[in-house]
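Asker: Sequence unavailable; structure follows:
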Ligand SMILES: CC(C)(COP(=O)(O)OP(=O)(O)OC[C@H]1O[C@@H](n2cnc3c(N)ncnc32)[C@H](O)[C@@H]1OP(=O)(O)O)[C@@H](O)C(=O)NCCC(=O)NCCSC(=O)C[C@H](O)C(=O)O
Ligand SMILES: [Mg+2]
């Protein structure tokens, strides 16, 4: 299921925190994950559902994609969360710890036609990523790098070497089946330099954006996952140069000493379309 919109910044908001739920209405994020799972204490699981329903009923989230992360079906809250998320009119419902397409089937029995997202954060999920990405209701994947690191018993490394196999498997699966995919969170939310490095790595790998845990992370993610002025300028020059050679019956142009063929023009047009979509999003 394709989703053609910017997803540079995807902010988790605890469903139990009214101040944070309100704050998000004014933040320049492309999407929000309203969380009922890990960000909510056991004592608040039931009340968070009601707090979140009130916030979504009040509205004010504008063009931001509204995704509700429910608790897993192996918990006492999962099924009621799924029903509540559907009733709240969420744009999509995010299921944690998806191991196989059967997990999404079970959710879809409750949520019907609402698009689904999958947390990719278990070893089985990595192995089954192609089948999960192929699910008819799946719109997007979210990397759960904290849970994945826990399951793999890895140590934190700035280059995320121990997670690269999983990140790569999920990226390949998402791209093969045309669903969105956003990178995991950067836990040290006051470390701007570290976040920028990880955002740049995720952008270079092909992620659509990054999940975030604090408003201070938003601008860094938006910048990293937006086409830069240089990229936009290059895309325009590539298109112009290619149209000129095409008009003279040739298939290869040269820009800045590099060849430009039809496939590069596809990327150039995508770059310009993304820049336009981001500008439209900013206008609200
Ligand atoms: C990390 C935090 C606990 C920090 O909270 P706090 O100390 O209150 O931060 P600040 O005082 O700096 O907050 C300043 C204002 O910003 C608002 N705020 C804070 N966080 C958010 C947010 N996420 N969304 C919207 N607004 C937010 C505060 O309310 C303050 O507002 P105001 O008072 O009006 O000025 C906290 O940031 C937090 O709880 N973050 C979310 C944590 C979370 O969602 N965790 C779960 C997702 S991560 C995960 O599960 C990953 C995955 O599953 C995996 O396996 O990897
Ligand atoms: Mg997790």
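Answerer: Done, it's in. Source: prediction; values computed, not measured. Ligands and ions are numbered 1, 2, ... in the order given.

Asker: Let me see the contact set for residue 120.
Answerer: 98, 126, 129, 132, 141-144, 148, 166, 170 (C-beta atoms under 8 Å, 6 or more residues apart in numbering). Yep, even glycine has a C-beta here, placed from its N, CA and C like the rest.

Asker: Out of the residues you listed, flag the one nearest to residue 45.
Answerer: Distance to residue 45 across the contacts of residue 120 (C-beta to C-beta) is lowest for residue 144, with 18.9 Å.

Asker: which non-adjacent residue is nearest that closest one?
Answerer: Leaving out its chain neighbours, the residue that sits closest to residue 144 by C-beta to C-beta, 6 or more residues apart in numbering is residue 121, at 2.7 Å.

Asker: Let's see which of the contacts of residue 120 end up in helices.
Answerer: Taking DSSP state H as the definition of helices, the contacts of residue 120 contribute 126, 129, 132, 148, 166, 170.

Asker: Tell me how many other residues surround the first one.
Answerer: Going back to what we said before, that points to residue 126. 22 (other C-beta atoms under 10 Å).

Asker: Can you give me the distance of the residue lying closest to it once chain neighbours are set aside to ligand 1?
Answerer: Nearest residue to residue 126, sequence neighbours excluded (C-beta to C-beta, 6+ apart): residue 166, at 4.4 Å. Using C-beta to the nearest ligand atom, to the nearest Å, residue 166 is found at 12 Å from ligand 1.

Asker: Let me see the contact set for residue 166.
Answerer: By C-beta under 8 Å, 6+ apart, the contact set of residue 166 is 120, 123, 126, 143, 148, 152.

Asker: Would you confirm that the last one contacts residue 160?
Answerer: No - distance between residue 152 and residue 160: 11.5 Å, which falls outside the contact criterion (C-beta atoms under 8 Å).

Asker: Flag every residue of this structure that's near ligand 2.
Answerer: 121, 144, 147 (C-beta under 5 Å from the ion).

Asker: Which of those residues sits closest to residue 9?
Answerer: Closest to residue 9 out of the residues of the chain next to ligand 2 is residue 144 (17.4 Å), distances taken as C-beta to C-beta.

Asker: Counting neighbours, what do you get for that closest one?
Answerer: Neighbour number of residue 144 under other C-beta under 10 Å is 25.

Asker: residue contacts, it?
Answerer: 96-97, 119-121, 184.

Asker: Neighbour-wise, which one of those leads?
Answerer: Counting neighbours by other C-beta under 10 Å, residue 120 comes out on top of the contacts of residue 144 with 31 neighbours.

Asker: measure that one to ligand 1 for me?
Answerer: Applying C-beta to the nearest ligand atom, the value for residue 120 to ligand 1 is 10 Å.

Asker: for residue 118, same thing?
Answerer: Applying C-beta to the nearest ligand atom, the value for residue 118 to ligand 1 is 12 Å.

Asker: List the neighbouring strands of the strand or helix carrying that residue plus their orientation.
Answerer: Following DSSP states H and E, one finds residue 118 within strand 116-120. According to DSSP bridges, strand 116-120 has the following sheet partners: strand 92-95 (parallel), strand 138-143 (parallel).
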